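Visitor: requesting a structural model of the entry that follows:
(chains A, B, C and D)
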Number of protein chains: 2
Amino acid sequence: MAGKPTIADVAQAAGVSKGLVSFALNDRPGVAPATRRRILDVAQELGFRPSVQGRSLSTRLAYSVGLVIARDADLVAADPFYPPFIAGAESVLVDAGRTLTLSVLGRERDEAAHYRALVADRRVDGVIIGDIRPDDSRLDLLAELELPAVTLGSTGDARFPAVTIDDAAGVVATARHLLDLGHRRIAMVAGPRELVHGARRADALRRVLTEAGVGGPTVVETDFSPLAAARATEALLAAADPPTAIVYGNDVAAAAGISVLREHGLDVPRGISVCGFDDSEIARWTVPALTTVSTDPGRWGAAAARALLDLLAGQPATDQDLGPARLVVRRSTGPVPAGHETQE
Amino acid sequence: MAGKPTIADVAQAAGVSKGLVSFALNDRPGVAPATRRRILDVAQELGFRPSVQGRSLSTRLAYSVGLVIARDADLVAADPFYPPFIAGAESVLVDAGRTLTLSVLGRERDEAAHYRALVADRRVDGVIIGDIRPDDSRLDLLAELELPAVTLGSTGDARFPAVTIDDAAGVVATARHLLDLGHRRIAMVAGPRELVHGARRADALRRVLTEAGVGGPTVVETDFSPLAAARATEALLAAADPPTAIVYGNDVAAAAGISVLREHGLDVPRGISVCGFDDSEIARWTVPALTTVSTDPGRWGAAAARALLDLLAGQPATDQDLGPARLVVRRSTGPVPAGHETQE
DNA sequence: TACGGTGACTAAACCGGTTCAGAGACGACG
DNA sequence: CGTCGTCTCTGAACCGGTTTAGTCACCGTA
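Guide: From the prediction side, this is the model:
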């Protein structure tokens, strides 16, 4: 017993068989209380820690969960959503003795093949999937692979529990806020329409504006990158009736938007109002500080990890909602500029 | 053979023993060329993929490398360095059939214990360690644990290869740039002094300024967070002779700085010049766009991963340098304001 | 007293690879 | 022809757990 103690060492020291030690350590019935006590004591004394590899081999479990980010590296880099999300998820997983296996798939890498490899190699026991698309092809794939998964945002698919935050509520609050300030021409620089949350947010905005009897928003679709947001902003300004307020899909995109607006001589918020999304750290440090919607990615990550662990533990798959996303009003929104107040 | 084919299935189909299949697949000598060919063909035909778990158990390898980020979650969230770094590292690792095991340790979690657990559980075969401190206690720990590691930035420790980028060169270029613009009172809002690169950058700045016969820089130490950077900026402005240029430790910190400067009625760059660090995506979208130093975290991540894989493959540990960090001049730096030109 | 049932425990198989000692065939050489 | 060495290959042990079939002692019951 030179190296780490194995289960055989514990068995020998306790004077029982390997199998019984395994039973005792895993809280399974059929071990006399006194014996269990003794085995646990011996294991403790020897500093025994079960080998993940040995256990993996027989249980056919990886003791790791996957997070597959299917975006190009530079897109991930620009989005401040993931770091806190990952940190949140990770903190829950360590406590459960699991590991987070992260994959960053560029556009060029075959997503389906990657999932197949992940299960074929038994790298993960389950996955967290984000950037949900309507009729997401991954869902059928995951079902086929029998890979447990939780989704970030609702899919309407009963096979996989969703961890959701009501981001539409955040958009609604944003829209009301802008309406209250007198804005009537409100535009949105959104994420890709093929992403569920992109579409949902655009719809929420449209609904509120329609209810308020205001013309539907101009929605420009982008890939979430700040560069695309900058271009979209240019396009909005070039239109016949440019908006007096723009809602962006994330905070960095909003920062890019502000940058373009200022180049065009527009002061924020006096000349035009700007809203971000996610309330990432950067939102507090743009000039002016961003009015944005808090989605609390850290809490989201932790909740997703917990939901996946529950699922792996065999508990029934139930959706979990983090409640409505909250509007955070800062300095980038203000009253509609003079001359636009009543324009329809 | 209902499920995935195992090595035994390949052996049977090829009419040889398991052991020989293992030899053939691992390119080891002692297999007749014709037999090797046949085994490889059969394996291919059956779609055989060796089980990571089985292999792990006998080789006592995890086929995963670790990245331990010992910062609080919100600090990680604010720093745009890691996402591209991780993406870069990850892309190299998948190609090598390895996995990235990420740990985000808050201040409260015991770092040493975490490393011990990582090796005790054989979660990783090696680690990439960043945020190097002088006389970093982790180095002795890693040596004790016999855990292969590469360091981000030089430690002067021959036991571990370093992957370095000459960030001092970037600081030097920044300093020259500012001197050329006429600045004489240059301040630095740096990272913690206990981090090697924090100290190195401050030293580089000090050296250039001294050589130029200009008063040494005021260096304010922070924890790298934008909030701390904002406070540091306030402090600098409150001084008797406020700087005409401030160099920040990263781009988000610089953004926070700009925000504070503008609140104080200072225009950037006309009233004061600002430099960032890392050239993250956000640097292009602040107002004005940031003059910064490109450290190319993606390339750095890939290089670190490759260096670690080489080390694990038994190749001698050699430092690898990515060359000098390049200054990227944008709009946040300009000529020293009138009235400060020759002030000593 | 014989029998069946139950609870505690053991022994061995098993998961899927790697590794090592040794067997067998074959050619070269003295 | 005998011997040695080399090459190819086999069989079994091994890594460290989990799981299952089965043993054994002991109890209550007829």
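Visitor: any idea how far A:A302 lies from A:L152?
Guide: Applying C-beta to C-beta, to the nearest Å, the value for A:A302 to A:L152 is 13 Å. Just so you know, the C-beta spots here come from the backbone N, C-alpha and C atoms, and that holds for glycine as well.
Visitor: so which bits of chain A are right by DNA strand C?
Guide: Applying C-beta under 7 Å from any atom of the strand, one finds that chain A approaches DNA strand C through A:15-20, A:23, A:29-35, A:57-58, A:60.
Visitor: swap the cut-off to 10 Å and go again
Guide: By the rule C-beta under 10 Å from any atom of the strand, the part of chain A lying against DNA strand C is A:7-8, A:11, A:14-24, A:29-36, A:38-39, A:53-60, A:120-122.
Visitor: can you tell me which of those are buried?
Guide: Buried members of the residues of chain A next to DNA strand C, counted by 16 or more other C-beta atoms under 10 Å in any protein chain shown: A:7, A:11, A:14, A:16, A:20-24, A:31, A:35-36, A:38-39, A:53, A:55-57, A:121-122.
Visitor: ignoring the adjacent residues along the chain, who's closest to the residue of the stretch 101-250 of chain A at minimum distance from DNA strand D?
Guide: In the stretch 101-250 of chain A, the residue that lies nearest DNA strand D is A:R122 (13.3 Å; C-beta to the nearest atom of the strand). Leaving aside its sequence neighbours, A:R122 sits nearest to A:A62 (C-beta to C-beta, 6 or more residues apart in numbering or on different chains; 5.1 Å).
Visitor: show the model's pLDDT score for the residue nearest to A:D121 when sequence neighbours are not counted.
Guide: The spatial neighbour of A:D121 that comes closest, neighbours along the chain excluded (C-beta to C-beta, 6+ apart), is B:V52 at 5.1 Å. Note on B:V52: pLDDT of 92.
Visitor: repeat that for A:P29.
Guide: 89.
Visitor: rewinding a little: for the residue of the stretch 101-250 of chain A closest to DNA strand D, what are its contacts?
Guide: Counting by C-beta atoms under 8 Å, 6 or more residues apart in numbering or on different chains, A:R122 touches A:56, A:60-62, B:51-53.
Visitor: hmm, try it at 7 Å
Guide: A:R122 sits next to A:60, A:62, B:51-53 when contact means C-beta atoms under 7 Å, 6 or more residues apart in numbering or on different chains.
Visitor: out of those, which is nearest to B:V274?
Guide: A:A62 (46.9 Å; C-beta to C-beta).
Visitor: so that closest one sits right up against A:S56, yeah?
Guide: Yes. With contact defined as C-beta atoms under 7 Å, A:A62 counts as touching A:S56 (6.2 Å).
Visitor: does the residue in the stretch 201-344 of chain A that DNA strand D sits nearest to count as helix, strand or coil?
Guide: Ranked by C-beta to the nearest atom of the strand, the top residue of the stretch 201-344 of chain A for proximity to DNA strand D is A:G314, at 12.7 Å. Of the three states, A:G314 takes coil according to DSSP: H, G, I helix; E, B strand; the rest coil.
Visitor: distance from the helix or strand of chain A with the lowest mean pLDDT to the middle of the chain?
Guide: Lowest on mean pLDDT, DSSP states H and E among the helices and strands of chain A sits helix A:73-78, with a mean of 79. Relative to the centre of its chain, helix A:73-78 is centred 15 Å away, using C-alpha atoms, centre = their mean, to the nearest Å.
Visitor: next secondary structure element downstream of that helix?
Guide: Using DSSP states H and E, the helix or strand that follows helix A:73-78 in sequence is helix A:82-95.
Visitor: how about that next one: buried residues?
Guide: Those would be A:82-94, for helix A:82-95 by 16+ other C-beta under 10 Å.
Visitor: who does it touch, helix- and strand-wise?
Guide: If you count contacts as 3 or more C-beta pairs under 7 Å, 6 or more residues apart in numbering or on different chains; DSSP states H and E, helix A:82-95 packs onto strand A:64-69, strand A:99-104, helix A:297-312, helix B:73-78, helix B:82-95, strand B:99-104.
Visitor: any idea of the mean pLDDT in the third one?
Guide: Looking at helix A:297-312 alone, the average pLDDT works out to 95.
Visitor: next SSE downstream of it?
Guide: Using DSSP H and E, the helix or strand that follows helix A:297-312 in sequence is strand A:320-324.
Visitor: so for that following strand, what gets flagged as buried?
Guide: Neighbour-count burial for strand A:320-324 [16+ other C-beta under 10 Å]: A:320, A:322.
Visitor: other SSEs contacting that strand?
Guide: Using 3+ C-beta pairs under 7 Å, 6+ apart, strand A:320-324 sits against strand A:162-166, helix A:297-312.
Visitor: what angle do the longest one and helix A:82-95 make?
Guide: Taking axes from the mean of the first three to the mean of the last three C-alpha atoms, to 10 degrees, helix A:297-312 and helix A:82-95 form an angle of 40 degrees between their directions.
Visitor: now do the first one
Guide: With the same axes, to 10 degrees as the criterion, the two stretches strand A:162-166 and helix A:82-95 enclose an angle of 140 degrees.
Visitor: strands paired with strand A:162-166, and their directions?
Guide: Using DSSP bridges, the strands paired with strand A:162-166 in its sheet are strand A:149-152 (parallel), strand A:320-324 (parallel).
Visitor: tell me the buried residues in whichever helix or strand comes after that strand?
Guide: Next in sequence after strand A:162-166, counting helices and strands by DSSP H and E, comes helix A:167-180. Buried residues in helix A:167-180, defined by neighbour count with 16+ other C-beta under 10 Å: A:167-175, A:177-179.
Visitor: please enumerate the helices of the stretch 101-250 of chain A.
Guide: A:111-120, A:137-145, A:167-180, A:196-211, A:226-238 (DSSP state H, counting those that start in this stretch).
Visitor: got the angle for the first one vs strand B:99-104?
Guide: What separates the directions of helix A:111-120 and strand B:99-104 is an angle of 90 degrees, with the same axes, to 10 degrees.
Visitor: so does helix A:111-120 get close to chain B?
Guide: Yes. Helix A:111-120 lies within reach of chain B by C-beta under 7 Å from any C-beta of the partner chain, at A:A120.
Visitor: please enumerate residues in contact with that helix?
Guide: So helix A:111-120 is in contact with A:66, A:68, A:70, A:103, A:105, A:124, A:141, A:145, A:147, B:4, B:49, going by C-beta under 7 Å, 6+ apart.
Visitor: can we see that at 6 Å?
Guide: For helix A:111-120, the external contacting residues (C-beta atoms under 6 Å, 6 or more residues apart in numbering or on different chains) are A:66, A:70, A:105, A:124, A:141, A:145, A:147, B:49.
Visitor: again, but for the fourth one
Guide: Residues outside helix A:196-211 that contact it (C-beta under 6 Å, 6+ apart) are A:132, A:134, A:153, A:167-168, A:171-172, A:175, A:188, A:190-193, A:216-217, A:219.
Visitor: again, only this time at 8 Å
Guide: By C-beta under 8 Å, 6+ apart, the residues outside helix A:196-211 that reach it are A:132-134, A:136, A:153-155, A:167-169, A:171-172, A:174-176, A:179, A:186, A:188, A:190-193, A:215-217, A:219, A:221, A:247, A:249, A:277.
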